[in-house]
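Asker: Sharing a model prediction with you, sequence too.
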Amino acid sequence: MFAQNLIDYGRKPNVIRDLSAYAGARKAQIGPENVFDFSIGSPNVPPPPEVHAAMLDLLQHADPVAIHSYTPAPGLMSLRQTIAASINRRFGDHVDASGIFVTAGASGAIAMALKGLTQPGDEVIIFTPHYMEYLIYVEAYGAKAVIVKSLPDTFQLDLPAFEAALTEKTRVVILNSPNNPSGVIYTRETIQGLTDAMKAAEAKFGHPIYLLSDEPYRELAYDGVEVPYLMDFYDDTLVCYSYSKTLSIPGERMGYLAICRRCAAYEDVVDVCSGAARALGHICTSNLYQRVIERCVDVVADVDYYKRNRDVLVKGLEDLGFTCVHPDGAFYLFMKSPWPDSMAFCEKAKEYELMLVPGHDFGVPEYLRVSYCVDHETIVRSLPAFARLAQACGVSKV
Ligand code: PLP
């Protein structure tokens, strides 16, 4: 009577939100200062002052009807032009305003691109560890997710495994860098290897294979590590960008899909993505926030705050004997579970009021995620709890 897959998505527990709700309940019971909630990836640094200044100015001075009316589905043309100009200024001459579609965050961009680019039976390659929602976006439309494991320890891409996974049916490859949950940034060499293999596969199979670059953490890169821009390497690229983390406004649902103007069948790709957005019920995103973004397009929240958290957390955990993947970006730390099953370990951690996310839904059950977008004091105060956990699990160096 109902589509079983949709019922399953509706019923599937969201481990992160459940853990975050549990943390909230524990905070109410024992005091917020005694609970270390590393579950959710929601920015804790405030939006940069330019965001609220733009809002206030618009609310006070702009035409009150105009700032709340519908906009064209792909967004205000002035915003699309501003975004295109920003991309071309920062990364090279890659996009036209016609290839910019303003979306409800990166999720909106990924969902519309996958719906537009795939048909039932097509294959979409995803690398571990991966954002958990990809599987739903891919499979809801009848395509098949093909998971390629990344290299152990570094979590850079396993290029021979990737080449073996490319088939006649491969339609899309999704890459997320800086990565959630590992914090890894894929190097230029890795990207070069990936895109060389994709070009060879396109020639071999005689059809385009699109690269979907999921980039909500693009601006969250530390110590000057470069996040290569994929359109520099590969023309059949679509970028899914988000202002959720860049401007600390995840609840406002703002992002965009950017389609490289040199991609195969550019006009069809633009139209099929627009059609997919329409089929998904997209009318437009917030008018007011489109205007805010137009004024803040190159503004970034305080990334140094996350870096300070990362530095203290990584050192603290490694000193205790835990093994971590070194995170160059995003605000996540991927830690090896001292027990083979990270689910059991994360349950144990709850005894010490540490809320950690098991790696199962990221496709790496032997690791777990620590989200360090929290107050710095929480990081500092959590280290003794981690020390007790380490001792209880037999990993303590101290
Ligand atoms: N992709 C990745 C890898 C994410 O981590 C997230 C959110 O955490 C998203 C996409 C969706 O972000 P949003 O829709 O808020 O832009």
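Answerer: That came through fine. Numbering: from 1, shown residues only.
Asker: For the stretch 151-300 of the chain, which segments count as strands?
Answerer: 170-176, 210-215, 237-242, 255-259 (DSSP state E, counting those that start in this stretch).
Asker: The first one pairs with which strands, and in what direction?
Answerer: The one in question is strand 170-176. The pairing partners recorded for strand 170-176 under DSSP bridges are strand 123-127 (parallel), strand 210-215 (parallel).
Asker: can you redo these as TSV with mean neighbour count?
Answerer: (Each C-beta comes from the backbone N, C-alpha and C, glycine too.) Shown next, in TSV, are the strands paired with strand 170-176 (neighbours: other CB atoms under 10 Å):
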stretch	mean neighbour count
strand 123-127	24
strand 210-215	26
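Asker: and these as TSV, adding distance to residue 245 and mean pLDDT?
Answerer: TSV is the format used below for the strands paired with strand 170-176 (distance: least, CB to CB, whole Å; pLDDT from 0 to 100):
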stretch	distance to residue 245	mean pLDDT
strand 123-127	20	98
strand 210-215	10	98
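Asker: The ligand is nearest to which of those?
Answerer: Closest approach to the ligand among these (CB to the nearest ligand atom): strand 210-215, 4.7 Å.
Asker: Counting neighbours, what do you get for residue 83?
Answerer: Residues near residue 83, counting by other CB atoms under 10 Å, number 23.
Asker: no wait, residue 336
Answerer: 19.
Asker: swap in the one 4 residues further on?
Answerer: Counted with other CB under 10 Å, the burial measure for residue 340 works out to 9 neighbours.
Asker: quick one: what helix or strand has it in it?
Answerer: Following DSSP states H and E, one finds residue 340 outside all helices and strands.
Asker: what do you get for the one 5 residues further on?
Answerer: Here residue 345 is covered by helix 342-350, with elements defined by DSSP H and E.
Asker: And that helix, what does it pack against?
Answerer: Identification of packing neighbours for helix 342-350 by 3 or more CB pairs under 8 Å, 6 or more residues apart in numbering; DSSP states H and E yields strand 357-358, strand 367-371, helix 376-392.
Asker: Would you mind saying which of those lies nearest residue 235?
Answerer: strand 367-371 (33.4 Å; CB to CB).
Asker: how near is residue 171 to residue 204?
Answerer: Distance check for residue 171 against residue 204: by CB to CB, to the nearest Å, it reads 14 Å.
Asker: With respect to residue 370, which of the strands of the stretch 151-300 of the chain lies nearest?
Answerer: Short answer: strand 170-176, nearest of those by CB to CB, at 17.8 Å.
Asker: ok, residue 247 - how many residues close by?
Answerer: Count around residue 247 with other CB under 10 Å applied: 24.
Asker: oh sorry, the question was meant for residue 266
Answerer: 17.
Asker: Could you verify my assumption that residue 363 touches residue 131?
Answerer: No: the pair residue 363 / residue 131 is not scored as a contact, 10.0 Å apart, by CB atoms under 8 Å.
Asker: Check the burial of whichever residue of the chain sits closest to the ligand by counting its neighbours.
Answerer: Closest residue of the chain to the ligand, CB to the nearest ligand atom: residue 105 (2.5 Å). As a burial measure, residue 105 scores 24 neighbours (other CB under 10 Å).
Asker: how near is it to residue 251?
Answerer: With CB to CB as the criterion, residue 105 and residue 251 are 10 Å apart.
Asker: do residue 395 as well
Answerer: Taking CB to CB, one finds residue 395 at 37 Å from residue 251.
Asker: Check residue 66 too.
Answerer: Residue 66 is 23 Å from residue 251, by CB to CB.
Asker: These two: who's more crowded?
Answerer: residue 66 (12 against 9).
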